[in-house]
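Colleague: dropping a prediction and its sequence here:
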Amino acid sequence: MAKKESTGDLPKAVQDYMDKLKVSAEEYAQKVEDAKSFDIDPHLVKLMWDEPFYSSISRRISKSRSLDLPTAGVCVTDGSPSLLWNPVFFNEMTEKEVRGVLIHEFMHLIYDHVTLRKRDPHLLWNLATDCAINSMIPESNLPTDCVFPGKLNPKADPTDPIWSAIASFPKGQSSDWYMSRLMEDEDVQQKMQEIQDGEGDAAEYSFDDHEGWGDMSDAEKELVKGKIREILRDAVKEADAKNGWGSVPSESREQLRSMVSNEVDWKAILRQTIGMAHSSERTTSRKRRNRKYRFMHPGVKRKRMARVLVAIDQSGSVGNEALELLFGELASLAKRVDFDVVHFDTEVDEKSLTTWRRGQRIAPHRTRCGGTDFNAPTEFVNKHKSKYDLLIVLTDGEAPEPKPCLVRRSWVLVPQTSMYFNTNETVIKMKAEKDKKNAA
């Protein structure tokens, strides 16, 4: 083997991967050259025919070639989920393995493994989530060095307590189950301490790359989760309509349906819906260090901007109790983000237009009390489409279908009401608050 040369211009994760494979800089350079002809598009087309559900997920996220990570990984680009893939890694796999890796990465997004559910230590959480995901993918559809519960990794040291624990696990458990077992194992914890003390190599256990998500605030993770839920909701709806689930097992289908069911907390859906419309100004800064590559790349500064208009139906059929319920939830949302609010009935009351700023409280109030015309807020936001990304209409639904909206439009229905027309747009059904018993 040729003598290993300096590869200081490569990201650390790639250098660690080269060390793991015992590949020299010259050999890796040749692999990069050989991979230039690799095209992922034919694999995505095949995925569309054979796995329509996962293809539906794929079509809704961006995908980019990248040599900045050794294998593949899901990340956030400009506030939206995306897939990064290394052509060197994909060029050495079979067609079935490429498909399996794509499905593997999409599952990380679907099950929130890299957003709100991410746990410490990240190394063990990555292994636990891989155990859960790969239990649902045929073993022949993934590279041989993937993490499979109940099987020793062929490239692993059989005396390693982490790999030994994974080899003893049953298939088909949740990521939380696998994480608990790893955390309870004293030998695994001792090995983790050695790795943290620099006496072990964390790269030995890595398959895909989950870095970058830790740099996000909890609010940003919530916003991205909302976008992922919208992607999943559309994919589930499309799969049910066309019987296009592919290889997804029936028990997994039920679980996925429940994850996007209307029975979930309407307030959570409303927060996610608003989160999906918040855009982000992203600038680089040499004064702020990049957490992953501290001395190679500049850090990032983000400025989130409110681009949401909430139009409140103030017709006589929307009672004061419903208004109080919504104003209360808007006050809760205003603790995190700013958004604009306007009242309407058959016309928009432009004098009522106000920006509900973070931390501000506004008492429920009326400025209109006529009929209902959904064209009024639609025309208003169409006129100001450069200012908004989302229109949320609070209403009882008692009006004809309006004209198309030039921005994303969602509906929030007050309790015990329904839309007068069918729509493919997001409809959130509020639930009345239950009476609380005196706890004194």
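Modeller: Noted; the coordinates are in hand.
Colleague: show me where pLDDT drops low in this structure?
Modeller: Residues of the chain meeting the criterion pLDDT under 70: 1-23, 114-118, 203, 208-219, 221, 261-306, 335-336, 432-440.
Colleague: domain parsing for it?
Modeller: Following automatic domain parsing, one gets these domains for the chain: 12-215, 302-429.
Colleague: of those, which is nearest Pro249?
Modeller: Set against Pro249 and scored by C-beta to C-beta, the domains of the chain come closest in domain 12-215, at 6.9 Å. (C-beta placed from N, C-alpha, C; glycine too.)
Colleague: what's the closest of the domains of the chain to Gln255?
Modeller: Comparison of these against Gln255 by C-beta to C-beta identifies domain 12-215 as nearest, at 9.3 Å.
Colleague: run the chain-centre distance for the closest one.
Modeller: Put simply, domain 12-215 sits 17 Å off its chain's centre (C-alpha atoms, centre = their mean, to the nearest Å).
Colleague: ditto for stretch 357-377
Modeller: Relative to its parent chain, stretch 357-377 has a centroid offset of 31 Å by C-alpha atoms, centre = their mean.
Colleague: please report the number of neighbouring residues for Ile137.
Modeller: Counted with other C-beta atoms under 10 Å, the neighbours of Ile137 add up to 18.
Colleague: oh, that last question was meant for Ile428, not what I typed.
Modeller: Neighbours of Ile428 under the rule other C-beta under 10 Å: 18.
Colleague: so it: helix, strand or coil?
Modeller: With DSSP: H, G, I helix; E, B strand; the rest coil as the basis, Ile428 sits in strand.
Colleague: beta partners for it?
Modeller: As for beta bridges, Ile428 partners with Val412 under DSSP bridges.
Colleague: can you map out the strands along the chain?
Modeller: 62-65, 72-77, 80-85, 279-289, 298-305, 308-313, 339-344, 348-356, 390-395, 408-413, 426-429 (DSSP state E).
Colleague: which parts of the second one are buried?
Modeller: Along strand 72-77, the positions that meet the burial threshold by neighbour count (16 or more other C-beta atoms under 10 Å) are Ala72, Gly73, Val74, Cys75, Val76.
Colleague: now, which of the residues you listed sits nearest Ser315?
Modeller: Closest to Ser315 out of those is Val76 (40.1 Å), distances taken as C-beta to C-beta.
Colleague: quick check: Pro121 touching Gln189?
Modeller: No: in this structure, Pro121 is not within contact of Gln189 by C-beta atoms under 8 Å, at 9.6 Å.
Colleague: would you tell me which helix is longest in the chain?
Modeller: Assignment by DSSP state H gives helix 218-242 as the longest helix of the chain.
Colleague: run a quick neighbour tally on Val260.
Modeller: Val260 is flanked by 18 other residues according to other C-beta under 10 Å.
Colleague: in CSV, list the domains of the chain along with distance to Val248.
Modeller: Shown next, in CSV, are the domains of the chain (distance: least, C-beta to C-beta, whole Å):
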stretch, distance to Val248
domain 12-215, 5
domain 302-429, 23
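Colleague: so which of these gets nearest Met259?
Modeller: Using C-beta to C-beta, the nearest of those to Met259 is domain 12-215, at 7.9 Å.
Colleague: contact partners for Cys405?
Modeller: Thr378, Val381, Asn382, Leu391 (C-beta atoms under 8 Å, 6 or more residues apart in numbering).
Colleague: highest neighbour count among those?
Modeller: Within those, most neighbours by other C-beta under 10 Å means Leu391, with 26 neighbours.
Colleague: pretty sure that one contacts Phe374?
Modeller: No: between Leu391 and Phe374 there is no contact under C-beta under 8 Å: 10.2 Å.
Colleague: show me the contacts for Gln189.
Modeller: Met183.
Colleague: distance of it relative to Ala156?
Modeller: Plainly put, Gln189 is 18 Å away from Ala156 if you go by C-beta to C-beta, to the nearest Å.
Colleague: before we move on, what about Ile362?
Modeller: Distance check for Ile362 against Ala156: by C-beta to C-beta, it reads 59 Å.
Colleague: between those two, who's got more neighbours?
Modeller: Higher neighbour count among Ile362 and Ala156: Ala156, with 18 against 13, using other C-beta under 10 Å.
Colleague: the more buried one - nearest residue in space that isn't next to it in sequence?
Modeller: With C-beta to C-beta, 6 or more residues apart in numbering as the criterion, Ala156 has its nearest non-adjacent residue at 3.9 Å, and that residue is Trp163.
Colleague: what's the burial count for that neighbour?
Modeller: 22.
Colleague: hang on, it packs against Leu152?
Modeller: Yes: using C-beta under 8 Å, Trp163 makes contact with Leu152 at a distance of 6.1 Å.
Colleague: find the residues that touch each one of those two.
Modeller: Here Trp163 and Leu152 have no joint contacts, going by C-beta under 8 Å, 6+ apart.
Colleague: can you tell me what sits against stretch 236-251?
Modeller: Here stretch 236-251 makes contact (C-beta under 8 Å, 6+ apart) with Asp50, Glu51, Pro52, Phe53, Tyr54, Ser56, Met136, Pro138, Arg253, Leu256, Arg257, Val260.
Colleague: ok, now stretch 160-172?
Modeller: 124, 127, 131, 135-136, 147-153, 156-158, 178, 181-182, 185, 187-188, 190-192, 204-205.
Colleague: mind putting the contacts of stretch 236-251 into CSV with distance to His43?
Modeller: Converted to CSV, the contacts of stretch 236-251 look like this (distance: C-beta to C-beta, whole Å):
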residue, distance to His43
Asp50, 10
Glu51, 11
Pro52, 15
Phe53, 16
Tyr54, 12
Ser56, 16
Met136, 20
Pro138, 16
Arg253, 24
Leu256, 23
Arg257, 27
Val260, 27
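Colleague: what two of those residues have the greatest distance between them?
Modeller: The span of the contacts of stretch 236-251, defined through C-beta to C-beta, is set by Pro138 and Val260 at 25.4 Å.
Colleague: so what's Phe106 closest to, chain neighbours aside?
Modeller: Excluding the flanking residues, the one nearest Phe106 by C-beta to C-beta, 6+ apart is Ile57, at 4.6 Å.
Colleague: burial measure for that neighbour, as a count.
Modeller: Here the number of neighbours of Ile57 (other C-beta under 10 Å) works out to 26.
Colleague: picking up where we left off before, in ChimeraX, select just the buried ones from the contacts of stretch 236-251.
Modeller: Of those, the buried ones go into a single ChimeraX selection, burial set by 16+ other C-beta under 10 Å:
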select :51,52,53,54,56,136,256,260
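Colleague: fine, thanks again, bye for now.
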